[in-house]
Every structure is written in structure tokens, then in C-alpha cells.
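Peer 1: starting from these lines, generate the structure:
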Amino acid sequence: MKRRMFLTAAAASLVQTLLEAQRAMSGPAPAAPGPSMNRFPGVTLITHDGRSVDFYQDLVKGKLVLINFMYATCTNSCPTYTANLARVQRLFGDRMGRDVFMYSITLDPDHDTPAVLQNYMKAYGVQPGWTFLTGAKPDIELLRRKLGLRDLNPVVDADKTQHIGVVLYGNERFDRWAACPALSEPAEIVRYVDWLVGGVGSATA
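Peer 2: This is a model prediction of the structure:
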């Protein structure tokens, strides 16, 4: 009986060793797709600090996020949108970069290098948890259209000075998505986002 138990344990140990070796040789298992994966094309962007990221896998998957489009040389709407979103960031407080993430994507990647975006962020007092992104123009346009942040009038849509002032927000874990004007009251934007997790916005403007 003891010999049989010994042989059984030895066989199980051998199988476990072989399985572990096979896993090590094949590398890590591919990441499971998230519920909102089909909303996002396979787009690689560059963060304001020069990191290359997969927009969905690295920035959005499994997170509570706010997304908008802007460009640094805009003198019409972007300054007011960005200033308003800076107030939103302050209301989220220490939840930013931990529970909530903000992403602003440039519509003028030829001009808006990471260094330009960093200077833009400094001008508005942007804090950690809010990432500005640039990249290849075709990729940015593909992402913008996939997210639905475009004008139905093709002439207006082609003019970046008339870009839609909307913030897309969502909880990727539950595939819950909505949008609101970028100039909504900051406390209201916080409340909208909290609704996606069943919370109640408690911040005051």
C-alpha cells in the first residue's frame, strides 16, 4: 500500500513538473478580452511622458475612465473644456489614477508631441491620473470614429476647430458607457461617472 501511494505521488509530481515546464516554454497566457474590447480598435498611442501604450489593453481595460479629444493650439473651445475638466479632476481627488482615469487625445499629432502635451498640462495644473496622448493621425482618427466622437456633417467633422466638445465616460468592467458635454458642471460629471459604479457623487464644486 505504501509503495502504491509513493508511486501515485511520484506520478502526480512528474505531471505537475511537466505542466509547469510546458507553461514556462509557451510563455504567459494571452490576456483575456474585456467586455468592451470591440469598441476599441487595435491602436497604439504615445503618452505625454513618451510611453508607447495599447489604448485599450493598457489604459482602458477594467477601468473607470473619461475620454475626450483636444489639441494644444486650439484657441476656441479646448481651453474652456480643459479648464473645466481640471476642476473635475480636483473633485475626484485621490481617486484619480487609482479608481478613475482621464485621457485626452490630441487631434493634431503632427504638432502635439509629448513635450508639447507636457507643457499644455502644466498650463492647466493637470495632476497624476490624467494622461494626454498623441500618435499616428490615422490611428487617432480611427479611434475617434470608433468611439462615436464625430460630427455627422463631414465638412464640420473634417475641421478640427469645430470638434465635438463631449466627454465619453465608461466603466469597462461592465461595458457601461455614456457621454456628456465637456462644459457640464464638474460636480455633475463626477456624479455621472459615479452612477456607473452605483455610487453617489459627493464632491462639491
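Peer 1: where does the prediction get shaky in this structure?
Peer 2: 1-33, 151-162, 198-205 (pLDDT under 70).
Peer 1: if we go to 90?
Peer 2: Of all residues in the chain, those with pLDDT under 90 make up the ranges 1-42, 75-77, 145-165, 197-205.
Peer 1: how many neighbours does residue 65 have?
Peer 2: 22 (other CB atoms under 10 Å). In short, each C-beta sits where N, CA and C put it, glycine included.
Peer 1: and what of residue 57?
Peer 2: Should you count by other CB under 10 Å, residue 57 turns out to have 16 residues around it.
Peer 1: what are the ranges of the strands in this protein?
Peer 2: Defined through DSSP state E, the strands belonging to the chain, from first to last, are 44-47, 52-54, 64-70, 100-106, 130-134, 166-171, 176-181.
Peer 1: dump the last one to CSV, keeping only the CA atoms.
Peer 2: Think strand 176-181. In CSV, the C-alpha atoms belonging to strand 176-181 read as follows (Å, rounded to 0.1, in the frame of the first residue of the first chain):
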residue,chain,number,x,y,z
ARG,A,176,-21.3,50.7,-19.4
TRP,A,177,-20.7,53.8,-21.5
ALA,A,178,-22.3,57.3,-21.8
ALA,A,179,-21.3,60.8,-22.8
CYS,A,180,-21.9,64.4,-21.6
PRO,A,181,-20.8,67.9,-22.7
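Peer 1: going by neighbour count, which residues in it are buried?
Peer 2: 177, 179, 180 (16 or more other CB atoms under 10 Å).
Peer 1: for the shortest one, same thing?
Peer 2: Along strand 52-54, the positions that meet the burial threshold by neighbour count (16+ other CB under 10 Å) are residue 53.
Peer 1: one more: stretch 108-116?
Peer 2: For stretch 108-116, burial by neighbour count (16+ other CB under 10 Å) applies to 108, 109, 112, 113, 114, 116.
Peer 1: of those, which is the nearest to residue 44?
Peer 2: Proximity of the buried residues of stretch 108-116 to residue 44, judged by CB to CB, is greatest for residue 109, which lies at 12.3 Å.
Peer 1: all good on my end, thank you.
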